[in-house]
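> generate a structure from the sequence data that follows.
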Amino acid sequence: MELWIPITIAAAFLQNARSALQKHLRSRLDTVGATYVRFVYAVPFALAWVAVLFVVGGHPIPVPDSTFLVFAGIAGLSQILATLFLVALFSLRTFAAGTAYSKTETVQAAVIGLLILGDPLSVGALTGIVVSLAGVLILSIARATTDPREFSGRAIPIGLASGALFALTAVSVRAASLSLGGDGYLMQAAFTLLVVTTWQTVIMTAWLIARQRQALVEAFRSWRVSGLVGLTGMLASACWFTAMTIENAAYVRALGQVELVFTFIASRVIFREHTSIAEITGILAIVAGILVLVLGR
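Model (predicted):
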């Protein structure tokens, strides 16, 4: 098994854990505050990871150039904007549509990766991406609890913009990491993570100071849970960044759809929630797409 595959699966699992912890914080923090702790508390852990790789692993600290700084800057800003677009969809009571349209990220990452980095796609891999995307769409529609028209109108441009920005984030992370050169992909990914997360923290801190100072105060009052969010978030991001340094970002994000499979299993096994035929069909399509992607490369 290629190394990027288990790393991506670990990233999806850790992202699920981080999301669960962030939901716990929503009783004390709003959406912006809960998003902020994901970055600010991750910085010390990211710094510690770089230090471990340098001191224990013997990996030299990379020297970034202008290419790295540009792509790292784009990655940090585009991820924040993508999240804001996604939140905007949810506020319009279009949760299912938001999930579906944002997941077009995998196809858009394939296009952006080809244009920016020249990352090629095999026919088998592209087929797997499309099949898994179809599964996500089926699953999203099955879970829709409002008017089916939520998948039209304003939801389309906002959702596609969110997906495009998430795709741009993934490709920019890969571009920034690869620009560092060298053979140590672990340090490349870790250093990129540290810079991007620090940049995101600076942006959001400035925003909260200017617009929501109380949310900033609450973010530091809830340091116990927020610290766990930062740790799991850093671990998830470290896995994502490492996988995207090793392999095409579109492949990594497509395999990352396995996160929805984890959520489905949890809802059935732990919470004993009812599952419809459409949901099962969507999950099977996602799994089939992942298998085609992995085997068809």
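> pLDDT below threshold where in the chain?
Along the chain, the model assigns pLDDT under 70 to residues 1, 23-28, 87, 89-100, 143-155, 267, 269-273, 297.
> now the helices for it?
4-25, 31-40, 42-55, 66-91, 95-102, 105-117, 123-142, 155-179, 185-211, 213-221, 223-246, 249-255, 258-269, 277-296 (DSSP state H).
> need phi/psi at the nearest residue to residue 136 once chain neighbours are set aside.
Once flanking residues are discounted, residue 136 sits nearest to residue 103: 4.4 Å by C-beta to C-beta, 6 or more residues apart in numbering. Every C-beta, even on glycine, is put in place using the N, C-alpha and C of the backbone. Backbone torsions for residue 103, taken as degrees, to the nearest 10, come to phi -80, psi 0.
> so residue 103 touches residue 163, yeah?
Yes: look at residue 103 against residue 163 with C-beta atoms under 8 Å: they come within range, at 6.7 Å.
> between these two, which one's more packed in?
Taking other C-beta atoms under 10 Å, residue 103 and residue 163 do not tie; residue 103 has more neighbours (27 against 24).
> and the gap between the closest residue to residue 268 other than its chain neighbours and residue 33?
Leaving aside its sequence neighbours, residue 268 sits nearest to residue 275 (C-beta to C-beta, 6+ apart; 5.9 Å). From residue 275 across to residue 33, the span is 33 Å (C-beta to C-beta, to the nearest Å).
> of the two, who's got more company?
residue 33 (22 against 12).
> what about the residue lying closest to the more buried one once chain neighbours are set aside, neighbour count?
Among residues not flanking residue 33 along the chain, residue 215 sits closest, at 3.9 Å (C-beta to C-beta, 6+ apart). Residue 215 has 21 neighbours, counted by other C-beta under 10 Å.
> and residue 264, how far is that from residue 49?
Using C-beta to C-beta, residue 264 is found at 31 Å from residue 49.
> got it, and residue 55?
Counting by C-beta to C-beta, the gap from residue 55 to residue 49 is 11 Å.
> look at those two and report which has more neighbours.
Of the pair residue 55 and residue 49, residue 49 is the one with more neighbours under other C-beta under 10 Å, namely 21 against 9.
> need the contact list for that one.
Counting by C-beta atoms under 8 Å, 6 or more residues apart in numbering, residue 49 makes contact with 190, 193, 194, 234, 238.
> rerun at 6 Å
Contacts of residue 49 were listed using C-beta atoms under 6 Å, 6 or more residues apart in numbering, and they are residue 190.
> one more: the one 4 residues further on?
With contact taken as C-beta under 6 Å, 6+ apart, residue 53 is in contact with 59, 186, 187, 190.
> give me the number of residues near the nearest residue to residue 263 once chain neighbours are set aside?
Leaving aside its chain neighbours, residue 263 sits nearest to residue 16 (6.5 Å; criterion: C-beta to C-beta, 6+ apart). By other C-beta under 10 Å, the residues close to residue 16 number 18.
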